[in-house]
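Q: Next comes the sequence, and after it the predicted model I'd like to discuss.
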Amino acid sequence: SQQGEEDPQALSIQEGENATMNCSYKTSINNLQWYRQNSGRGLVHLILIRSNEREKHSGRLRVTLDTSKKSSSLLITASRAADTASYFCATDAGRGNAGKSTFGDGTTLTVKP
Amino acid sequence: DAGITQSPRHKVTETGTPVTLRCHQTENHRYMYWYRQDPGHGLRLIHYSYGVKDTDKGEVSDGYSVSRSKTEDFLLTLESATSSQTSVYFCAISRESGAAQPQHFGDGTRLSIL
């Protein structure tokens, strides 16, 4: 069964608006990662947040983690048409798991120019 | 971009035939992974490797085998392909495990089994 589940499944916004995607997971984690996938391409790593961190920023990306609710959110500010892609969260239980990550089903983001 | 090459990029074959997909990396990373991605879904782990000749099963390993005879190459074999194995296959690499390490992905192999 999937560890991470993204919400919503699909999101359509206008350029310049903010986009928020959520990820919920079931078991304790050591870290959570967000990836982007453009159509026809492999996943690209965006940001990693450790279980002892609550918020992390990278450019126009802001990730939060609430371990008590077993959830994370990815905020993309001032979205651009180039942000159109699918976004996946991946959880990693850490030591002894050979770096394995469990991926959710993703949120498909469409940014209209 | 991380140096990961998957071959072939596209393949069409018939049910019952053997198929081998190749992942080649130039990063000298220890860990390599094979995933499949089906429409509207995330990635599911098939097999992974934590070193030369060291491999283990993932979530959906039935019908697949892997081999890693060199650090840079990780092969995925479908011994007798079935239509349910039609999918896009992604290879990924990471430097280490345990600690938080991102995975770097190839651009995938689109496999169709008729």
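A: Good, I have the coordinates.
Q: Would you confirm that residue B:84 belongs to a strand?
A: No - judged by DSSP: H, G, I helix; E, B strand; the rest coil, residue B:84 forms no part of a strand; its state is helix.
Q: separation between it and chain A?
A: 19 Å (Cβ to the nearest Cβ, to the nearest Å). The way it works is simple: take the backbone N, C-alpha and C, and place the C-beta from them, glycine included.
Q: Within the sheet, what are the partner strands of the helix or strand hosting residue B:55, with directions?
A: Assigning secondary structure by DSSP states H and E places residue B:55 in strand B:54-57. Taking DSSP bridges as the criterion, strand B:54-57 pairs within the sheet with strand B:43-51 (antiparallel).
Q: for the closest residue in space to residue B:41 that isn't next to it in sequence, what are its contacts?
A: If you skip the residues right next to it in sequence, residue B:41 has residue A:105 as its closest partner in space, 5.1 Å away by Cβ to Cβ, 6 or more residues apart in numbering or on different chains. Contact analysis of residue A:105 by Cβ atoms under 8 Å, 6 or more residues apart in numbering or on different chains lists A:2, A:5-6, A:9, A:88, B:40-42.
Q: please redo it, this time with the cut-off set to 7 Å
A: A:2, A:5-6, B:40-42 (Cβ atoms under 7 Å, 6 or more residues apart in numbering or on different chains).
Q: any chance of these in a markdown table, with distance to residue B:109, neighbour count and secondary structure too?
A: Below are the contacts of residue A:105 laid out as a markdown table (distance: Cβ to Cβ, whole Å; neighbours: other Cβ atoms under 10 Å in any protein chain shown; DSSP: H, G, I helix; E, B strand; the rest coil):
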| residue | distance to residue B:109 | neighbour count | secondary structure |
| --- | --- | --- | --- |
| A:2 | 23 | 16 | coil |
| A:5 | 27 | 18 | strand |
| A:6 | 25 | 25 | strand |
| B:40 | 19 | 11 | coil |
| B:41 | 17 | 15 | coil |
| B:42 | 17 | 24 | coil |
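Q: Bridged to residue 6, which residues?
A: Answering for chain A, as no chain was given. residue A:23.
Q: Actually, chain B is the one I wanted.
A: Applying DSSP bridges to residue B:6, the residues it is bridged with are residue B:23.
Q: so it touches residue B:20, yeah?
A: No - using Cβ atoms under 7 Å as the test, residue B:6 is too far from residue B:20 to be in contact (11.9 Å).
Q: The two: which is more packed in?
A: Taking neighbours as other Cβ atoms under 10 Å in any protein chain shown, residue B:6 and residue B:20 compare with residue B:6 leading, 21 against 14.
Q: Please report how far that one lies from residue A:43.
A: 13 Å (Cβ to Cβ, to the nearest Å).
Q: residues touching residue A:109, list them.
A: Neighbours of residue A:109 in contact, by Cβ under 7 Å, 6+ apart: A:11, A:19, A:83-85, A:87.
Q: do the same with residue B:81
A: Taking Cβ under 7 Å, 6+ apart as the test, what residue B:81 contacts is B:13, B:15-17, B:19, B:113.
Q: Among those, name the buried ones.
A: B:13, B:19, B:113 (16 or more other Cβ atoms under 10 Å in any protein chain shown).
Q: Which residue ranges of chain B form strands?
A: B:4-7, B:10-13, B:19-25, B:31-37, B:43-51, B:54-57, B:64-70, B:73-78, B:87-94, B:104-105, B:109-113 (DSSP state E).
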